[in-house]
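>>> My questions are about this predicted structure, shown below with the sequence.
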Amino acid sequence: MTPVDIWRAPGGPTAETLEALELEFPMLARLPGMNRRTLLRVMGASLAMAGLTGCKPERSKDAVPYVTQPEGITASEAQYYATAVPFDGWAQPALATAHVGRPTRLDGNPEHPASRGKSDAFLQAAVLDLYDPDRSQAVLTDGAPASWAAFDTALAGWRTAWARSGGAGVRLVLGPTTSPTLIAQLARLRAAYPKLGVVHLPAVGDGLREAASVAAFGKPLQGHVALDRARTVVAIDDDLLGPGPRQVAQMLAWATRRGDAADRQHLYVAEPTPTLTGAAADTRRAVAAGRLPLLVEAIAAHVGIGAVPPGLDTAEAAWAVRMTAALRRDAGAALLAVGPYLPPATQALGFAVNDRLGNSGRTLWWSEPIAARGDDLDALAADLAAGRVDVAVALGCNPVYDAPALPWARARLRLHAGSHVDETARASRWHLPLHHALEAWSDGRAVDGTATLTQPLVDPLYDTRSLHGVVAALTGDTRSDRAIVRASWPMPDAAWRRAVHDGFTGGAAVPVAVVAKLPAAPPAPAAGIEAVFRPDPTIWDGARANNAWLQELPKPLLKTVWDNVVGVSAVLAAKLGLANGDMVRVAAGGRHVDGPAWVLPGQAAATVTLFLGHGRTAAGQVGNGVGYDAGPFRGSAWTLADVAVTKLDAVHAVATMQMQQAIDGPGIIRVVKDARGKAGENAPQDSLYPALAADAKPNSPPEPRWGMVIDLDKCTGCGACTVACQSENNIPVVGRDQVARGRVMHWLRVDRYHSGPVAAPRSFFQPVPCMHCEQAPCETGCPVHATVHGPDGVNEMVYNRCIGTRTCSSYCPYKVRRFNWLDYTGGAPASVEAQRNPDVTVRARGVMEKCTYCIQRIRTATVAAARDDRAIGADEVVTACQSACPSGAIKFGDLNDPRNVAAVARKDPRNYAMLEHLGVRPRTTYLARIVPDEEA
Amino acid sequence: MSAPSVPAGETLETLTARVAAPPLRFPHPRAWTLAFAVASLLLASFVVSVAVLLLDGVGVWGENIPVDWAFDILAYTWWVGIAHAGTLISALLLLLGQEWRNSLNRMAEAMTVFAVFCAGLYPILHLGRPWFAYWMIPYPSTLGAYPQFRSPLGWDMWAVLTYLTVSILFFYVGLIPDLATMRDKATSPRARTVYGVAALGWRGSAMHWVRWRRLYRLMAMIAVPLVVSVSSEVSLLLAAGPIPGWHSTIFPVYFVIGAVFSGFSLIAMIAVVARKLLDVERLITDAHLDYLSRLLLVAGLMTAYCYLFEAFDQLWSGDRFERQAFADRVDGPYAWSYWAALVLNFVPLQGLWWRRVRTSHAGLFAIGLAGLAGMWVERFMLLVTGLYRHYLPSLEGRFSPTVWDWGLFVGTIGVFLVPLLLFLRFLPAIAMSEEKEVLHG
């Protein structure tokens, strides 16, 4: 039953009145920092106007509740849809959770071969972008509100002109994309306007990969690594496990060869700046980026390609010999991974080494390019500079920030389509607001090439259009987005429905057999200090700078938030007298960039690391003015040799979650030498209290005994769990100032420790949720029974009962409790409130909170099992952190159920309880990290 | 001990005149007004700080995770401690028949009442949701929810409530005969009415005196054990947590002795000032100050012994976290608080070995001030060094107080001083009846 639109005026509105109305009341279209009050005011106004001139039917429908409950929808139950979110142009397969039409959460698509239900922090955080109050909500002309109708009128005029000129002087700039629909649309566009140019900005994570492929094979190819097939991996500055669109797929593959696997992978790393791969490695060597080509050349020489280069020191030469031996030992199941930021010739040499060892086609293979390829970016820059560009159109990208070398302002007419009024929008005459991925029909390819479909979960929140719609409009195509996307997939309707339901439709990349040519010699290493550039570990290229979850997610190795830093080595810091936070200037070639120095243990002595993605000026309220922008300083280089680093007379207070700490003593992080954990290596500590083994007693068998086991050997510290927990449990973001005061709210923190010398440390990560102690000290402290033990052994937090004495936190040996010092949740923008998970209480000021083992999920499963009169399945309850963890390091379940993953893991000889000597009997235990006894 | 409880040459009449004079015609009104203005300013700071606190939440303070208690619990233990000395002087010395206390006990009792009141404010104000403080009381809630009786905070509530009640009753009961004197001496009808009502119809009959003495001594007997139990209980707030540096059985003793020391420090200061302000140098003599000083010295030396033994306890424990906690105290980012506590509580005190210092007013005042500050710093050290870093190195944090931390603390000094000054101005600050009792022989 459709509700009757009683507000419609007789006769109905004309297009003119609608347009006039839109122009008359621009504040309707733009609601900066909308809160509940302004929302109500605006809603009142729109109803009133609907009575005057009528309104778009979709608008008024938004505010009308169900009169009749739609079939198949229960308001209290979540719905799940397979969809995808783009990341550097790749489709990240997602399973979206929606509550009564509101998408509240994104997880990996469990059916999809590239995600298997796992996700990274970026995917987890993408749902927040949908509700970003700073999203652009209206068409703008010169910054003033305009309407789509006005744009369509203007576009009609331009189309006529372009048809005459063949699109000469028209340049489209897009981000990287793998969308078959978009690629087809662009092809049609070029066919319609033969002289129109299309440029794709490069994906930051790909670095110099394309040039390397051209150097090796004479043509661009897409490389793929198969870590699950590699028994030995030597990664030369290749962050295989680090952030980026391939993180989930590669961590999944890596994890199969990790932990107790019989054929556990050997992972050796040489890199200039610490990465997650280096932290997970068996051995890691800090080597300046400028010297890494020498190491690759030496390894190549040892497998019979070329000669050993001069200039290696003895340690490096010995390392190259050891690495070659390891690679040879597992020839065919080994991988020499050379990072994307190294010189193309060096990367090509690495491909040749893999060819020689028979690894190519097995651990490293090639397919035809998957991402769209366009015209040359440098040519566009030259055209812009020469004034040959009449119309520049930025579609879903931000070239003014991403490609500062492009003289954007030199184009005569500039258009920008994007989700935010960003730097490019500000420098453009027209700005067109775009849908979020969860509002749009689209498609793309996952990193393995699988064709992946994006379906909308929600009607567009604002008056936006999809990127496909905008591109279609350029050719006068007026089909709906769905029709445009559907047309790209010629298949029967039933198959299409299946594909949309599943979220993908096969089509994984096909290997092509190629042999790498021996490349020209890479450049010789330069002396002096070098600067290397890396995408920010949580903000990446800056497009996500306005995502508060990502801003507040600690950088895995740095543990800094809301900033980017200049990574320096301890040696350099000592030489320049730098302490963490001291401002430094990095200068080269007449350009410079200033940022706060931060000592990175394991940094190559003469390397400084600059992180991209910060220093945005028009990202939004969250991302503006956070950190420094290294983009203009970088230009197109990924390594700058011989930079000057000077200390400035200023200090910047960088908010950090954790100081640089060494592990002191046993009991916190345990390490064993091999998977079986030789006797005595993981012995329990002396304690006054009865041994942990007795913990089977406290619960009688019929009740489940929920527990968690975290495998420190599989944890790479990526932080996906932290964001997954944040989105599941309505955890507020508190901002830089509150983080600096020690008030971050994350329920699940990932502690990072180092051991060994600061120049070559071993790094460890330890996710710490609530331990759910069986003898919980917090429960003794609370005077009002606000934290109590549930019947299934979960340490429960009763928010309504909490009066905020904080005794529980004072008494907590693990300090996992978080307190609402101020009102962190009230007064949030209405759109942000819409993201919240309705199954989890939003906590008020003055209340303690902490990890609940996702009690809402436990109770949902308990109720479902009781309703069906069955036992809860062995792995039926999955916590949010567990569901995200790409390497499967987090295991949860009923410890009384021998089939459960956590119960199985508890029997591992590596299992230990942190601080077990306190006798608190934590329900969360850890599996010791395996560190083979090898020379670095 | 030859107690100079009443100076030679005093008669009943002169005694009454001396003590009853200030409330009726204050000898130094300008000094009092100045002091009262300062105290009122402090009180204003309290009002503003509480308003900000209630409007914005405890986040206006500098506390965080891991240091989630700091000035709040610090000030709570400090004020409770101060109160104890008052009880000891008036109740314990009464029971022991130390008649020299009669010149000081009224002031000490008043100090106790106001200090306990200040202490009691903190456990309520430090709550995240102070409006639900009553949930700690076992009342028949419709939800069937009850307090959690294992929690030291629940005991805190009982301890402070009990202590406040007993202190007020003890103070008031002791005051009744003197209120009657004031009624009789007052000239204005309004004063007569007020004092008269407060005197509860006291006529000084023998029966009145018998019952009064019985009640007064009974109250004293109830009050004295509270000194030990309340501060022991307060110490369990820390000691009950499995936190290195806190989780020690020495804490109750440590806290009680420290409490008494800080209280004696404050009494010494009040005595030095009040004898001038009220023109009662003949009643609070150098001999009184000498006795007080000796008590102060003994309490201080016991405190020092506690420091020594606490360090021994931590080092001897064999527990590496306990040893680390000790190392953090003496050589961590908050080492200044450890050494400041040690120096302030121990070094100035040594002056009291000399009679000249004991009877020098400025010297005694300064030593008292040092003791008060030292105990405050000690509480800070115990709380913050226990919390800022313990088992997991990753949890290390720092605490730095905000303006509202200071505003509230300074404010509670106003909460203490304003009623104390009103007491000195409008009530007989020295127990006339008890002095006269001695005079009677």
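Cool, got the structure.
>>> so what pLDDT did the nearest residue to B:Ala340 once chain neighbours are set aside get?
Once flanking residues are discounted, B:Ala340 sits nearest to B:Val377: 4.7 Å by CB to CB, 6 or more residues apart in numbering or on different chains. Using the backbone N, CA and C atoms, a C-beta is placed for each residue, glycine as well. B:Val377 carries a pLDDT value of 93.
>>> does B:Val377 belong to a helix or a strand, and which?
Here B:Val377 sits within helix B:361-387, counting by DSSP states H and E.
>>> circling back: now do the residue nearest to B:Ala340: how many residues are near it, please.
For B:Val377, the neighbour count with other CB atoms under 10 Å in any protein chain shown is 23.
>>> Please tell me how far it sits from chain A.
Using CB to the nearest CB, to the nearest Å, B:Val377 is found at 20 Å from chain A.
>>> confidence score at the residue of chain B found nearest chain A?
Scanning chain B for proximity to chain A using CB to the nearest CB identifies B:Gly128 as nearest, at 1.8 Å. B:Gly128 is assigned a predicted lDDT (pLDDT) of 92.
>>> Can you verify my assumption that it contacts A:Arg801?
No: with contact defined as CB atoms under 8 Å, B:Gly128 does not reach A:Arg801; the gap is 11.9 Å.
>>> any idea of the mean pLDDT for the following helix or strand past the helix holding B:Val377?
Tracing the chain C-terminally past helix B:361-387 and defining elements by DSSP H and E, one meets helix B:403-426 next. Averaged across helix B:403-426, pLDDT comes to 93.
>>> now swap in stretch A:273-285 and tell me
93.
>>> dump the residue contacts of the residue of the stretch 751-900 of chain A at minimum distance from chain B.
Proximity of the stretch 751-900 of chain A to chain B (CB to the nearest CB) peaks at A:Gly804, 1.8 Å away. When contacts are counted by CB atoms under 8 Å, 6 or more residues apart in numbering or on different chains, A:Gly804 touches A:819-820, A:846-848, B:58, B:127-129.
>>> How about the residues of the stretch 301-441 of chain B by chain A?
Selection of the stretch 301-441 of chain B residues close to chain A by CB under 8 Å from any CB of the partner chain yields B:320, B:324, B:387, B:390-398.
>>> In terms of neighbours, single out the busier of B:Gly128 and A:Arg801.
Remark: of B:Gly128 and A:Arg801, B:Gly128 carries more neighbours, 21 against 18, as counted by other CB under 10 Å.
>>> So for that one, what's the nearest residue that isn't a sequence neighbour?
Nearest to B:Gly128 is A:Gly804, by CB to CB, 6+ apart, at 1.8 Å.
>>> before we move on, what about B:Leu344?
B:Gly374 (3.0 Å).
>>> The one you found: neighbouring residues, count only.
For B:Gly374, the neighbour count with other CB under 10 Å is 26.
>>> ok so A:Thr925 is a strand residue?
Yes: assessed with DSSP: H, G, I helix; E, B strand; the rest coil, A:Thr925 lies in a strand.
>>> now it: how far from chain B?
For A:Thr925, the distance to chain B - CB to the nearest CB - is 15 Å.
>>> was I right about A:Leu384 contacting A:Pro399?
No: using CB under 8 Å, A:Leu384 is not in contact with A:Pro399; the gap is 9.8 Å.
>>> So between the two, which is more surrounded?
Legend: neighbour count by other CB under 10 Å for A:Leu384 and A:Pro399, higher for A:Pro399 (28 against 21).
>>> Pull the residues that contact the strand or helix carrying A:Arg585.
Applying DSSP H and E as the criterion places A:Arg585 in strand A:582-588. When contacts are defined by CB under 8 Å, 6+ apart, strand A:582-588 is touched by residues A:531, A:566, A:568, A:576, A:578, A:592-597, A:608, A:610, A:633, A:640, A:642-652.
>>> Over to stretch B:159-173?
Under the contact criterion CB under 8 Å, 6+ apart, stretch B:159-173 has outside partners B:80, B:83, B:86-87, B:90-91, B:109-110, B:112-113, B:116-117, B:119-120, B:123, B:212, B:215-216, B:219-220, B:222-223, B:226, B:229-230, B:233-234.
>>> B:Asn105 reaches B:Thr87, doesn't it?
No: if you go by CB under 8 Å, B:Asn105 and B:Thr87 don't touch, sitting 10.0 Å apart.
>>> on that earlier part again, okay, the contacts of A:Gly804 in CSV with secondary structure and distance to A:Glu439 next?
Formatted as CSV, the contacts of A:Gly804 follow (DSSP: H, G, I helix; E, B strand; the rest coil; distance: CB to CB, whole Å):
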residue, secondary structure, distance to A:Glu439
A:Phe819, strand, 36
A:Asn820, coil, 32
A:Gly846, coil, 37
A:Val847, coil, 34
A:Met848, strand, 37
B:Val58, helix, 40
B:Leu127, coil, 44
B:Gly128, coil, 39
B:Arg129, coil, 39
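>>> Distance to A:Ile930 for those - can I get that in CSV?
Converted to CSV, these look like this (distance: CB to CB, whole Å):
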residue, distance to A:Ile930
A:Phe819, 36
A:Asn820, 39
A:Gly846, 44
A:Val847, 40
A:Met848, 36
B:Val58, 44
B:Leu127, 46
B:Gly128, 43
B:Arg129, 47
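>>> List the beta-bridge partners for A:Val85.
With DSSP bridges applied, A:Val85 shows beta-bridge pairing to A:Gln92.
>>> OK, contacts around it?
A:Val85 makes contacts with A:91-92, A:94, A:106, A:123, A:126, A:437-438, A:454, as judged by CB under 8 Å, 6+ apart.
>>> Now go through those residues and say which are in strands.
Among the contacts of A:Val85, the ones falling in strands (DSSP state E) are A:91-92, A:94, A:106, A:454.
>>> what's the most distant pair in those residues?
The distance between the two most remote of the ones in strands among the contacts of A:Val85 (CB to CB) is 12.7 Å, for A:Ala91 and A:Leu106.
>>> and A:Gln856, which of the three is it?
Secondary structure, three-state DSSP: A:Gln856 is helix.
>>> And the closest residue in space to it that isn't next to it in sequence, what's its pLDDT?
Computed as CB to CB, 6+ apart, the closest residue to A:Gln856 that is not its neighbour in sequence is A:Asp839, at 4.1 Å. pLDDT for A:Asp839: 90.
>>> A:Arg258 too?
Note for A:Arg258: predicted pLDDT of 90.
>>> count of neighbours near it?
Neighbour number of A:Arg258 under other CB under 10 Å is 23.
>>> repeat for B:Phe264
B:Phe264 - counted by other CB under 10 Å - has 29 other residues nearby.
>>> is whichever strand or helix holds it up against chain A anywhere?
Here B:Phe264, judged by DSSP H and E, is contained in helix B:251-277. No: figure legend: helix B:251-277 not in contact with chain A (CB under 8 Å from any CB); closest approach 14.2 Å.
>>> now that helix against helix B:361-387, angle please.
Counting by axes from the mean of the first three to the mean of the last three CA atoms, to 10 degrees, helix B:251-277 points 150 degrees away from the direction of helix B:361-387.
>>> Noted, bye for now.
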